[in-house]
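1. Make a model of this:
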Amino acid sequence: MKYLDEYRDPALARRLLDELRDTATRPWRIMEVCGGQTHTLVRQGIDELLPAGIRMIHGPGCPVCVTPLETLDRAMAIAARPGVILTSFGDMLRVPGSSTDLLSLRARGADVRVVYSPMDAVRVAEEHPDHEVVFLAVGFETTAPANAMAVHHASRLGLANFSMLVSHVLVPPAMTALLDDPDCEVEAFLAAGHVCAVMGWRQYEPIAAHYQVPVVVTGFEPLDLLEGILMAVRQLEEGRYEVENQYVRAVRRSGNIQAQELVARVFRTTDRAWRGIGTLPASGLELAPAYASFDAVRRFSVHGLRPAEDPDCIAGAILTGARLPTDCSAYGVRCTPRTPLGAPMVSTEGTCAAFHAAGRPRRTA
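-> Below you'll find the predicted structure:
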């Protein structure tokens, strides 16, 4: 038996689907806030197998997709400068900015390098003291500890040629912003297991109580998701609004305390723009004053950029769950994984990419 086989057992999946049908007495709308969960739901066809009336709403769970356009334009402006090495995870290279992407910029001669860890970027700075080395630091709370460690380590080494272009976003403020929208249809959430492995789930408890929405911390395999949906539906049917943990093999209520302490030392909370959504208060992280010298925006003075989204891209409506990729007139026509108009089509966690890979056809009038 392979390690993941037990979480992909078709007999258990059918049993969970049967139990869902027996439990649900009315329609329910549940949002997953994780791009990895979205891809599993769509790739496995789980969203289409659910009992009639149970609808999954795909939320802003792709960190690449919600990285603001201005951050990408800043990254490209920095990378285009002589003597700069811009480092990034590979999934950011093809995300379109206002006029181009990092991969195209590299083809024109910019020194843009893929790294597999922010500590790799620190090593590049050590090895190239005559260059400015910048790491494009994006993601939810999941990647924040590793990025914090890289900045902390660079500070201990006294690396004056290393900096970060930080665009971290936080999940709970996005959830509350969605719930505050009078048009919000979400009645329960599946919370991302990897975020909760770092942060725990205490921060979701006030949300569940105040907005009266169940929150189920859920893993990423088919049986994880089916069980998480079942747990959410049980709460809804019983009139309970609690935080429950389906992902017990990886998550505990307190999360990783050491990781949280490191993040709190290196970063501080700030207002953050979300691509296609807008600026949400206290929804992001920026470098704390003690580490401000590692802020690439300050170091390179990349201010006053005027980002411009493609007018045919409805990524904002897709990221908030208001529309599906198949509602977009550009989906699969002008916008494909080879020629993406927006981040959700090119990111490995993007909803548009998930629908396109699964062969979901564009809706017609």
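2. going forward, measure contacts between C-alpha atoms and count neighbours the same way
-> Fine.
3. So in terms of bridging, what pairs with residue 279?
-> In this entry, residue 279 is beta-bridged to residue 273, by DSSP bridges.
4. Okay, strands next: where are they in the stretch 51-200 of the chain?
-> Here the stretch 51-200 of the chain has its strands, by DSSP state E, counting those that start in this stretch, at 54-58, 84-88, 111-114, 132-139, 162-169, 188-192.
5. Point out where the chain drops to low pLDDT.
-> Along the chain, segments meeting pLDDT under 70 span 1-3, 365.
6. follow-up on the earlier one: would you turn the strands of the stretch 51-200 of the chain into TSV with distance to residue 206 and mean neighbour count?
-> Below are the strands of the stretch 51-200 of the chain laid out as TSV (distance: least, C-alpha to C-alpha, whole Å; neighbours: other C-alpha atoms under 10 Å):
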stretch	distance to residue 206	mean neighbour count
strand 54-58	22	22
strand 84-88	35	24
strand 111-114	39	19
strand 132-139	23	25
strand 162-169	19	26
strand 188-192	14	27
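7. Residue 276 is nearest to which of those strands?
-> With C-alpha to C-alpha as the measure, strand 162-169 is the member of the strands of the stretch 51-200 of the chain nearest residue 276 (13.8 Å).
8. which helices and strands does the closest one pack with?
-> Judged by 3 or more C-alpha pairs under 8 Å, 6 or more residues apart in numbering; DSSP states H and E, the packing partners of strand 162-169 are helix 69-79, strand 132-139, helix 144-157, strand 267-274, strand 278-287, helix 296-300.
9. Next, the angle from it to helix 144-157.
-> 160 degrees (axes from the mean of the first three to the mean of the last three C-alpha atoms, to 10 degrees).
10. which outside residues touch strand 162-169?
-> Strand 162-169 is contacted by residues 63, 67-68, 71, 75, 122, 125, 132-141, 144, 151, 154, 272, 274, 283-287, 293-297, 299 when judged by C-alpha atoms under 8 Å, 6 or more residues apart in numbering.
11. Are any of those residues buried, and if so which?
-> Burial of the contacts of strand 162-169 was assessed by neighbour count (16 or more other C-alpha atoms under 10 Å); the buried members are 63, 67-68, 71, 75, 122, 125, 132-141, 144, 151, 154, 272, 274, 283-287, 293-297.
12. quick revisit: of all the strands of the stretch 51-200 of the chain, which one comes closest to residue 352?
-> Nearest to residue 352 among these is strand 54-58; the distance by C-alpha to C-alpha comes to 10.4 Å.
13. Could you list every helix and strand that the closest one packs against?
-> Using 3+ C-alpha pairs under 8 Å, 6+ apart, strand 54-58 sits against strand 28-32.
14. any residues touching the helix or strand following the strand it packs on, and which ones?
-> In the C-terminal direction, the helix or strand that comes right after strand 28-32 (DSSP states H and E) is helix 35-43. The contact list for helix 35-43 (C-alpha under 8 Å, 6+ apart) reads 32, 46-47, 58, 60-62, 192, 219-222, 225, 349-351, 354-355, 357-358.
15. Helix 35-43 vs strand 28-32, what angle?
-> Relative orientation of helix 35-43 and strand 28-32, computed by the same axes, to 10 degrees: 130 degrees.
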